[in-house]
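> just the structure for this:
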Amino acid sequence: MSLRLNLYHEIHQARSARKRDPLKISLYVLGGVVAGFAALYAVELGRYASVANDLSRKQAQFAKLEPEAAVAKKREESFQETQKINTKLVKGIEERFYWAPVLQQVATLVPRDVQINKLSGDIQGSGLRKCQLTVDGLSAGTDPRKVAEELRQSIAESFSKSFRAVDAKFRTLEDGSELVMLDGKQWPTASFAISVNFETGEELPVTPAPGARKKGRAAAAESDPSK
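Coordinates of the predicted model:
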């Protein structure tokens, strides 16, 4: 029977231990990576849960505010319509033509030997207004026709300073059949009617319709021989 003695068992154990060390290190590294991924997953899961909660809260708030937003939109549309009406009314008031300054202007031009019996006015248009004023009266003096003519010229000159396209002319000018007392004397008379036409305001810009604009361009293209 043979007997074997291993005197290098410690060396063999050291070699075996060195062979097992890399495996342990790999296992440790792998465990650390797995732990890191697990921690990252937990962090992302917590973040997702927070975002999901925030989304649910926002959705609940939106569902609560949506009816109020619809009511607010209807009120806004109602306010806009009211504002348009108010703007139109204010614009109409601001652009209104007043006859009082015109009548006052005529009153300052009437001499003492003229009596105004009737004043009438008419106005047409919204932007550019065409006005007509009729002055009926009675003039007196040695030459009552001349007195009426001087009044007509005074009205034309005065209105030309305030308005455009002023045209003052006699509708009628006739000798009167009666005498009037002025400065203690009797004078012959003449009856007259002066028609004063004038313009005021600005003409509103005309915006062509889209269809008319396209037709105009097409007609221009057809009439151009170079195309």
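
> going forward, measure contacts and count neighbours with C-alpha atoms only.
Fine.

> and the closest residue in space to Phe170 that isn't next to it in sequence, what's its pLDDT?
Beyond its immediate neighbours in the sequence, the residue positioned closest to Phe170 (C-alpha to C-alpha, 6 or more residues apart in numbering) is Ile194, lying 4.5 Å away. In this model, Ile194 is scored at 95, pLDDT.

> excluding chain neighbours, what is closest to Gln186?
With C-alpha to C-alpha, 6+ apart as the measure, Val180 is the residue that lies nearest to Gln186, at 5.3 Å, once sequence neighbours are left out.

> quick one: what helix or strand has the one you found in it?
Assigning secondary structure by DSSP states H and E places Val180 in strand 164-182.

> kindly report the same for Ser191.
Ser191 belongs to strand 185-201 when assigned by DSSP H and E.

> so how far is stretch 134-149 off the chain centroid?
Computed by C-alpha atoms, centre = their mean, to the nearest Å, the chain-centroid distance of stretch 134-149 equals 51 Å.

> same check, this time on stretch 40-47
In terms of C-alpha atoms, centre = their mean, the centre of stretch 40-47 is found 54 Å from the chain centre.

> state the mean pLDDT of that stretch.
Per-residue scores along stretch 40-47 average to 82.

> repeat that for stretch 64-71.
If you average the pLDDT values across stretch 64-71, you get 82.

> got the domain ranges for the protein?
Domain assignment for the chain by automatic domain parsing gives 14-94, 100-201.

> any idea which of those is most buried?
domain 100-201 (a mean of 16; mean count of other C-alpha atoms under 10 Å).

> need the helices for the chain, in chain order.
9-94, 100-109, 144-160, 210-223 (DSSP state H).

> turn the ones you listed into TSV, columns for distance to Phe198.
Written out in TSV, the entries for these read as follows (distance: least, C-alpha to C-alpha, whole Å):
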stretch	distance to Phe198
helix 9-94	20
helix 100-109	11
helix 144-160	8
helix 210-223	33
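
> figure out which of those is closest to Gly125.
helix 9-94 (12.3 Å; C-alpha to C-alpha).

> ramachandran angles for Ser162?
The main-chain torsion angles of Ser162 are listed as degrees, to the nearest 10 and equal phi -110, psi -30.

> the domains of the chain: lowest mean pLDDT?
The minimum mean pLDDT among the domains of the chain belongs to domain 14-94 (a mean of 78).

> what's the spacing between that one and its chain's center?
Here the centre of domain 14-94 is set off from its chain's centre by 40 Å, with C-alpha atoms, centre = their mean.

> who's in contact with the closest residue in space to Ala165 that isn't next to it in sequence?
In space, Ala165 comes closest to Phe198 once its chain neighbours are excluded; the distance is 5.2 Å by C-alpha to C-alpha, 6+ apart. Counting by C-alpha atoms under 8 Å, 6 or more residues apart in numbering, Phe198 touches Lys130, Cys131, Gln132, Phe159, Phe163, Arg164, Ala165, Val166, Asp167.
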